[in-house]
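**Student:** Fold the stuff below for me.
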Amino acid sequence: MTRKHLLGLALMSALGAGLSSQTFAQLHLEIVKTAAENPKIAIVPFSSDSSIYPIVENDLNRSGKFSSASKNLPATAANDQPNAGAWKAAGIPYVVTGSSSTNPDGSIAIHYQLYDVEKATYLLNEMLTVPASRSRQAAHMMSDTIFQALTGIAGDFSGRIAYVLRNAATPEQRYTLQIADTDGEQPRTILSSRDPILSPAWTPDAKSIAYVSFETKRPAIYLQNLATGTREKLTSFRGLNGAPSFSPDGKNMLFTASMHGNPEIYQMDLSTRALQRMTNNSAIDTEARYTPDGKGFIFTSDRGGSAQIYRHDFDSGETKRLTFRGAFNARGTLSADGKKIALVHRPSGSNYKVAIQDINSGVTNVLTPTSLDESPSFSPNGQMVVYATREANRGLLSIMSLDGRFRMNLPSEVGEVREPAWAPK
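**Tutor:** Numbering: from 1, shown residues only. Predicted structure coming up:
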């Protein structure tokens with residue numbers, strides 16, 4: 001791995017050509033791998049509703065933990081009195097039933113239950129009241145609650161993913177920064193530009209996004225409020241300005257800059273704009289990400305002769321190499337519990353795959369079956385990783401479970417999607 005290639009990472013330049021010539025559309029969900037032995041769950045059609053329960057069914061089916069059995073419902077299926085014997089005979093251990101109604105003020109009241117067939121008892125019996133415009137969000141919230149009740153793990157269905165869509169057919173809006181639900185629905189454009197947009201990074205409260213824009217013909221980091229659309233330029237130093245990352249308390253930002261000639265990592269106090277240089281090495285240092293406890297950060301450097309991931313500790317000032325397997329390891333990001341790193345790993349040749357490394361043991365496992373993978377980002381609950389890849393000559397996002405048993409693709413029909421970032425809870 002040459003310094004030129006690593007400098008390309010520091011620049012975070014737009015990758016490749018051959019983009020689609022169509023116009024904008026949302027992402028489309030394609031489940032490409034699921035475990036056949038997953039426990040089945042049936043979502044009985046809700047009374048007085050035809051839009052909410054399919055979302056719940058889709059969420060749980062793409063969780064990687066359950067398989068939908070909603071097409072094989074027993075003839076005795078009912079919303080109010082589940083027949084445990086009929087469900088057991090059908091081999092379905094969990095059933096979701098429910099109903100919805102419209103209140104006088106136009107809001108929607110949703111009543112849903114989760115039934116354990118083996119125990120013949122309800123695990124959940126919940127009520128939700130939401131504005132009619134938020135029915136999809138309510139369905140995702142229901143899925144989160146059901147998933148946690150069955151697994152003990154918080155669900156991430158109500159989350160969001162930011163990504164960059166590149167479309168050569170619209171020169172004035174060739175690059176768009178988008179936010180969509182984790183199933184690719186409800187896409188929202190945050191910024192459009194004819195110049196590259198790179199490295200979206202969420203603030204810890206998920207209310208704002210930082211990104212790199214080349215709209216002034218040189219890279220600069222902007223911070224944009226999602227509710228108001230207002231934005232401010234955080235950095236525009238000479239040379240590189242890239243790879244923003246926010247501290248867990250939201251008070252500081254790490255970024256890569258080359259204002260003094262060599263790409264180094266700097267920290268900015270967001271209230272005062274005071275800068276602190278965090279690395280000082282003849283190597284290229286880039287892609288810094290805070291640890292979840294805020295006590296340090298990981299970053300990519302070629303100081304050992306090839307691109308590898310290191311950790312810097314704030315208190316001691318010590319820098320320690322974390323990756324040793326393979327000639328190339330970069331784009332590291334930590335799980336919310338700080339126990340795992342998702343990274344781009346080159347096991348051989350020109351294959352770049354997403355791998356997961358256990359922090360304590362150092363064991364690294366290649367996760368993805370594709371070979372041109374980049375930009376991994378953990379789901380908040382640490383059960384999934386979203387990354388950008390290429391399949392059948394198209395750039396798309398892929399989401400994969402950490403055990404490798406489930407994978408789904410999120411392609412766009414109108415261009416290539418890159419640089420995903422899963423929003424924090």
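**Student:** Was I right to think residue 172 contacts residue 195?
**Tutor:** No. Residue 172 is beyond contact range of residue 195, at 10.5 Å (criterion: Cβ atoms under 8 Å). C-beta here means a position set from N, CA and C on the backbone, and glycine is covered the same way.
**Student:** can you give me the strands in the stretch 151-300 of the chain?
**Tutor:** Assigned by DSSP state E, counting those that start in this stretch, the stretch 151-300 of the chain shows strands spanning 160-166, 175-181, 188-193, 197-202, 208-213, 220-225, 231-235, 241-246, 252-257, 264-269, 275-277, 285-290, 296-301.
**Student:** With mean pLDDT and distance to residue 366 as added columns, please give these in TSV.
**Tutor:** Listed next are the strands of the stretch 151-300 of the chain as TSV, based on pLDDT from 0 to 100; distance: least, Cβ to Cβ, whole Å:
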stretch	mean pLDDT	distance to residue 366
strand 160-166	95	23
strand 175-181	95	27
strand 188-193	94	33
strand 197-202	97	24
strand 208-213	98	29
strand 220-225	98	32
strand 231-235	97	35
strand 241-246	98	24
strand 252-257	98	27
strand 264-269	98	27
strand 275-277	97	35
strand 285-290	98	20
strand 296-301	98	18
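**Student:** With mean neighbour count as added columns, please give the ones you listed in CSV.
**Tutor:** Below are these laid out as CSV (neighbours: other Cβ atoms under 10 Å):
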stretch, mean neighbour count
strand 160-166, 25
strand 175-181, 22
strand 188-193, 16
strand 197-202, 24
strand 208-213, 23
strand 220-225, 19
strand 231-235, 16
strand 241-246, 25
strand 252-257, 25
strand 264-269, 20
strand 275-277, 13
strand 285-290, 26
strand 296-301, 25
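**Student:** In the stretch 51-200 of the chain, where is pLDDT below threshold?
**Tutor:** Scanning the stretch 51-200 of the chain for pLDDT under 70 picks out the ranges 71-82.
**Student:** again, only using 90
**Tutor:** 51, 61-92, 167-173 (pLDDT under 90).
**Student:** repeat for the stretch 301-425 of the chain
**Tutor:** In the stretch 301-425 of the chain (pLDDT under 90), the answer is 326-327, 347-350, 371, 391-394, 403-406, 412-415, 425.
**Student:** which residues in it form helices?
**Tutor:** Taking DSSP state H, counting those that start in this stretch as the test, none of the stretch 301-425 of the chain falls into helices.
**Student:** where do the strands sit along it?
**Tutor:** 308-313, 319-321, 328-334, 340-346, 353-358, 364-366, 374-378, 384-391, 394-401, 407-410, 416-422.
**Student:** and residue 287, which of those strands is closest to it?
**Tutor:** strand 328-334 (5.9 Å; Cβ to Cβ).
**Student:** Give the partner strands of that closest one in its sheet and their orientations.
**Tutor:** If you go by DSSP bridges, strand 328-334 pairs up with strand 340-346 (antiparallel).
**Student:** So what touches the partner strand?
**Tutor:** Contacts of strand 340-346 with the rest of the structure, by Cβ atoms under 8 Å, 6 or more residues apart in numbering, involve 1, 298, 309, 322-323, 325-335, 352-359, 364, 366-367, 373-378, 382, 385, 387, 402.
**Student:** picking that back up, for the strands of the stretch 301-425 of the chain, give me TSV that also has distance to residue 191 and mean neighbour count.
**Tutor:** Output for the strands of the stretch 301-425 of the chain, formatted as TSV (distance: least, Cβ to Cβ, whole Å; neighbours: other Cβ atoms under 10 Å):
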stretch	distance to residue 191	mean neighbour count
strand 308-313	29	20
strand 319-321	35	14
strand 328-334	22	24
strand 340-346	25	24
strand 353-358	26	21
strand 364-366	34	17
strand 374-378	18	24
strand 384-391	18	22
strand 394-401	18	23
strand 407-410	20	22
strand 416-422	13	24
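**Student:** The ones you listed: which one's closest to residue 91?
**Tutor:** Nearest of these (Cβ to Cβ): strand 394-401, 23.1 Å.
**Student:** So what's the gap between the closest one and the chain middle?
**Tutor:** Here strand 394-401 is found 10 Å from its chain centre; the criterion is Cα atoms, centre = their mean, to the nearest Å.
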